[in-house]
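J.: sequence and computational prediction follow.
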Amino acid sequence: MNMFNSQTISCTPKTASFRNHLAAPATYLLLGLLTLLFLAPIALMVVGSLKPDDLVLIESGSLKGFFPDTVSLHNYRDVFARVNFSRFLFNSLFINTTIVAAGVCINSVAAYAFARLQWPGTSFSQSYWLL
């Protein structure tokens, strides 16, 4: 008894056009450049927070803005010393947790109503909310 299937399988890949072959790398290159464009200000902000106050604006227009000579956590120590950061953090967490919990409760009841109840205009309203 033969364990192998007698059918032959072709291993030749489907041919792609030259245009499709170049489209994927060009798309990824464009997306990579856009990513760098959008992340550069965030990186500059993080690096600027690690520099002394007097060097932040002086070095911001040059390449030294991204590669500082001196790195310090002094700015972060000042934030915790000047303001009640723990209270601000608690307020943010409390408000966001309350909003998310209320949204889950209300939206789950609305989803149940959409799924189970039938009324005139059900299909229209479901289509509207899906958009």
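T.: Now that the structure is in, tell me what you want to look at.
J.: mind listing what Glu59 touches?
T.: Going by C-beta atoms under 8 Å, 6 or more residues apart in numbering, Glu59 touches 51, 65, 68. For the C-beta atoms, the positions are set from N, CA and C on the backbone; glycine is no exception.
J.: min pLDDT across those residues, which one?
T.: Within those, pLDDT reaches its minimum at Gly65, with 79.
J.: show me where the chain has helices.
T.: 18-49, 53-56, 74-82, 85-116, 122-130 (DSSP state H).
J.: which outside residues touch the second one?
T.: By C-beta under 8 Å, 6+ apart, the list of residues contacting helix 53-56 from outside reads 48, 68, 70, 75.
J.: the closest residue to the first one other than its chain neighbours and Ala110, how far apart?
T.: Spatial nearest neighbour of Gly48, excluding adjacent residues (C-beta to C-beta, 6 or more residues apart in numbering): Val56 at 4.8 Å. Between Val56 and Ala110 the distance is 48 Å, computed by C-beta to C-beta, to the nearest Å.
J.: cool, and Thr97?
T.: Thr97 is 20 Å from Ala110, by C-beta to C-beta.
J.: go on, Phe85?
T.: Taking C-beta to C-beta, one finds Phe85 at 37 Å from Ala110.
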